[in-house]
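[1] just to be clear, the model below is a prediction. Sequence and coordinates:
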Amino acid sequence: MANLNVSAAHSLQLVPINRLSKFAQIKAGVMLVFLEQPDEAEAIPGSIRITTNTEDGKIKKSITYKRRTVDRATANLLEGYKVTRLVAIYTDETGNQRVAGSPDYPLKFSYTSGDGVFTCKLEGEGNSIDPFII
């Protein structure tokens, strides 16, 4: 199993699949057209970790981040993500925007809470390393 980490990712955004009008991947690039703007993940700076593993011919993706507990509306938003198919957009350590997940291989969302912080996790699999936005 190969393990690749993007350790300095930032600017994480979440996009429910139903907000995408177009998703086209061409080699290492992807083009997105939105019906509505992505949601800012509001990750605590420095908390985003992106891991990609190759296992049995599939590429497994995992994004974890922490978000401060603000109010009940935040918890309701996160609960909604648990039943939604998602794509994540993030900026990698070199400043390039990349996309994790796709309409065919969406990410699943889960979270735990404690000590005033939500610990959030997105997981999925796909056929390629996260493409760049073109």
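    Thanks, I have the structure now. Numbering: from 1, shown residues only.
[2] for L107, see how far away the residue nearest in space to the middle of the chain is.
    Nearest residue to the geometric centre of the chain (C-alpha atoms, centre = their mean): A88, 3.0 Å. Look at A88 and L107: by C-beta to C-beta, to the nearest Å, they are 6 Å apart. Placement of C-beta: from N, CA and C, glycine included.
[3] list residues touching both of these two?
    Residues touching both A88 and L107 (C-beta atoms under 8 Å, 6 or more residues apart in numbering): I63, A100, G101, L122.
[4] now for those residues, which pair is the farthest apart?
    Greatest spacing in the shared contacts of A88 and L107, by C-beta to C-beta: I63 and G101 (9.1 Å).
[5] mutual contacts of the two, please.
    In contact with both I63 and G101: A88, L107, L122, using C-beta under 8 Å, 6+ apart.
[6] so the last one touches A88, yeah?
    Looking back up the chat, that one is L122. Yes: shown here, L122 and A88 form a contact pair, counting by C-beta atoms under 8 Å, at 5.6 Å.
[7] poorly predicted segments of the protein, please.
    1-8 (pLDDT under 70).
[8] for the residue at the greatest distance from the centre of it, phi and psi?
    Distance from the C-alpha centroid of the chain, by C-alpha atoms, centre = their mean, peaks at D115 (23.4 Å). Main-chain dihedrals, D115, degrees, to the nearest 10: phi 50, psi 40.
[9] and if you look at the one 10 residues further on?
    Note on E125: its backbone torsions stand at phi -140, psi 160 [degrees, to the nearest 10].
[10] next one: it relative to L12, how far apart?
    19 Å.
[11] look at these two and report which has more neighbours.
    L12 (24 against 16; other C-beta atoms under 10 Å).
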